[in-house]
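In: Need coordinates for the below:
(one chain, ligands or ions: 4)
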Amino acid sequence: MDPLPLIDPFARPISYLRVSVTDRCDFRCTYCMAEHMQFLPRKDLLSLEDLDRLCSAFVGMGVRKLRITGGEPLVRRDILTFFRRISRHLESGALGELTLTTNGSQLARFAPDLAAMGVRRINVSLDTLREGRFAEITRWGRLAQVMEGIAAAKAAGIAVKINTVALKGFNEDELFELVAWCGGEGHDLTFIEVMPMGDMGEELRLDQYWPLSDLRARLGARFTLAETDETTGGPARYFRLAETGQRLGFITPLTHNFCESCNRVRVTCTGELFMCLGQEDAADLRAPLRAHPNDDAPLQAAIRAAIARKPKGHDFDYSRARVAGQMRRHMSHTGG
Ligand SMILES: Nc1nc2c(ncn2[C@@H]2O[C@H](COP(=O)(O)OP(=O)(O)OP(=O)(O)O)[C@@H](O)[C@H]2O)c(=O)[nH]1
Ligand SMILES: C[S@@+](CC[C@H](N)C(=O)[O-])C[C@H]1O[C@@H](n2cnc3c(N)ncnc32)[C@H](O)[C@@H]1O
Ligand code: SF4
Ligand code: SF4
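Out: Numbers count the residues shown, from 1 in each chain. Ligands and ions are numbered 1, 2, ... in the order given. Model (predicted):
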């Protein structure tokens, strides 16, 4: 184990790595991807062995939480082999949590194995409980399949957190239904503000932006929201509904910036290390990985050099000219 933990220039320890294992997906959510996406050629992807080495290097440098994401992580071929390999770090105690963020479409098939490999908690993205709307927002998804997946995860003993992107004019009227459904099923629920990423030519995210301050005010009219200091190591701020006891999270990069306690960085399936979700700067980890197949020191040096330039915060801004704050990168590239 590398003796020095990863600390960024703002004295924030980096203990959480998000790994996007593929840019591909079986859905085409309108706020995330174009319908006709150009995906990376397979030859450009890091192999699962490379991704394992990369993750292991981070674990060796003090990363305690690993979240596998994408694109849709469960559509990457042999993904279970990857989880099996990484789970050795859970067994050794070096890693505290191995988890994933998924659209749920393949969960029915994978949940029992994921549970067996030490996955205890997963995040499933679900923006609506209505079949027609689900087809509209995901373009290619089927709600029933995701529901089966969520049920399979629950049956396998995996705790499920539902992630819902708050979308103006789309799921505003489902707020209380979503809360009631999650409460009934025992799932945590987190609302996410839509972020200005993706194709500029497509609907501008600004048109869909529903500030969570408004969502919270609507919830507050019906429930008592008690603030908590509970954390899952991610950016959500959690509240409990006094009436039901259930937990609600809010991820508000725009209206309440959580960058000051940022603990995470992201690696893409091509080996780019993004120091911030909301900035374009990235470091190439593929080169040191490939140039030194039997020596992790150059890779660790590259990681340390990159962390030394992690920015203080993101650059999202809906208040500027509509296009100025919009990033061209797709969320599926960095994994959200
Ligand atoms: N701006 C910003 N948004 C983030 C960041 N991390 C996560 N998000 C947003 O929150 C969404 C949900 O993240 P998840 O994949 O569920 O992970 P998480 O909230 O870190 O996970 P847990 O706290 O472990 O449940 C992401 O897809 C992003 O949209 C971050 O560092 N910065
Ligand atoms: C990019 S997806 C990858 C994992 C998986 N495919 C899924 O949907 O959960 C991760 C998360 O990013 C969120 N996301 C995608 N585009 C977004 C955007 N423009 N603003 C906010 N969240 C976004 C999704 O809702 C999802 O919860
Ligand atoms: S949000 Fe997830 S499921 Fe939807 S298109 Fe993006 S990667 Fe796929
Ligand atoms: S926007 Fe950047 S600095 Fe802020 S929490 Fe996310 S990754 Fe960290």
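In: didn't residue 259 look like it was pressed against residue 312?
Out: Yes: if you go by Cβ atoms under 8 Å, residue 259 and residue 312 touch, sitting 6.5 Å apart. No exception for glycine: its C-beta is placed from N, CA and C like everyone else's.
In: So for these two, which sits in the more crowded spot?
Out: residue 259 (16 against 13; other Cβ atoms under 10 Å).
In: Next one: the closest residue to the more buried one other than its chain neighbours relative to ligand 4, how far apart?
Out: Distances taken as Cβ to Cβ, 6 or more residues apart in numbering place residue 313 nearest to residue 259, at 3.5 Å, with adjacent residues excluded. Distance from residue 313 to ligand 4, counting by Cβ to the nearest ligand atom, to the nearest Å: 5 Å.
In: Likewise for residue 29?
Out: 20 Å.
In: now swap in residue 154 and tell me
Out: Taken as Cβ to the nearest ligand atom, the span from residue 154 to ligand 4 is 29 Å.
In: the helices in the stretch 101-250 of the chain, which residues?
Out: All helices of the stretch 101-250 of the chain, identified by DSSP state H, counting those that start in this stretch, fall at 107-116, 131-138, 143-155, 175-185, 205-208, 212-222.
In: helices or strands next to the first one in the packing?
Out: Identification of packing neighbours for helix 107-116 by 3 or more Cβ pairs under 8 Å, 6 or more residues apart in numbering; DSSP states H and E yields helix 79-92, strand 121-125, helix 143-155.
In: I'd like the ones you listed as TSV, with mean pLDDT and mean neighbour count appended.
Out: Shown next, in TSV, are these (pLDDT from 0 to 100; neighbours: other Cβ atoms under 10 Å):
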stretch	mean pLDDT	mean neighbour count
helix 79-92	98	17
strand 121-125	98	21
helix 143-155	98	18
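In: Could you dump these into TSV with distance to residue 268 added?
Out: Formatted as TSV, the helices and strands packed on helix 107-116 follow (distance: least, Cβ to Cβ, whole Å):
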stretch	distance to residue 268
helix 79-92	15
strand 121-125	19
helix 143-155	25
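In: and ligand 1, which of those is closest to it?
Out: strand 121-125 (3.7 Å; Cβ to the nearest ligand atom).
In: Residue 176: neighbouring residues, count only.
Out: 12.
In: Quick check: it vs ligand 2, distance?
Out: Applying Cβ to the nearest ligand atom to residue 176 and ligand 2 gives a distance of 20 Å.
In: Quick one: residues contacting the residue lying farthest from the centre of the chain.
Out: Centroid-distance maximum for the chain: residue 294 at 30.7 Å, with Cα atoms, centre = their mean. Not one residue lies near residue 294 by Cβ atoms under 8 Å, 6 or more residues apart in numbering.
In: near ligand 1, which residues of the protein?
Out: By the rule Cβ under 6 Å from any ligand atom, the part of the chain lying against ligand 1 is 67, 69, 101, 123, 161, 163, 192, 232-236, 251, 253, 262, 264, 277-278, 314, 336.
In: List only buried entries from these.
Out: 67, 69, 101, 123, 161, 163, 192, 232, 234-236, 251, 253, 262, 264, 277-278, 314, 336 (16 or more other Cβ atoms under 10 Å).
In: got a list of contacts for the helix or strand residue 57 falls within?
Out: For residue 57, the host element (DSSP states H and E) is helix 48-60. Residues outside helix 48-60 that contact it (Cβ under 8 Å, 6+ apart): 1-2, 6, 17, 19, 21, 46, 63, 66, 76, 78-79, 81-82, 85-86, 89, 94-95, 267, 269, 271, 285-286, 289-290, 296, 299-300, 303.
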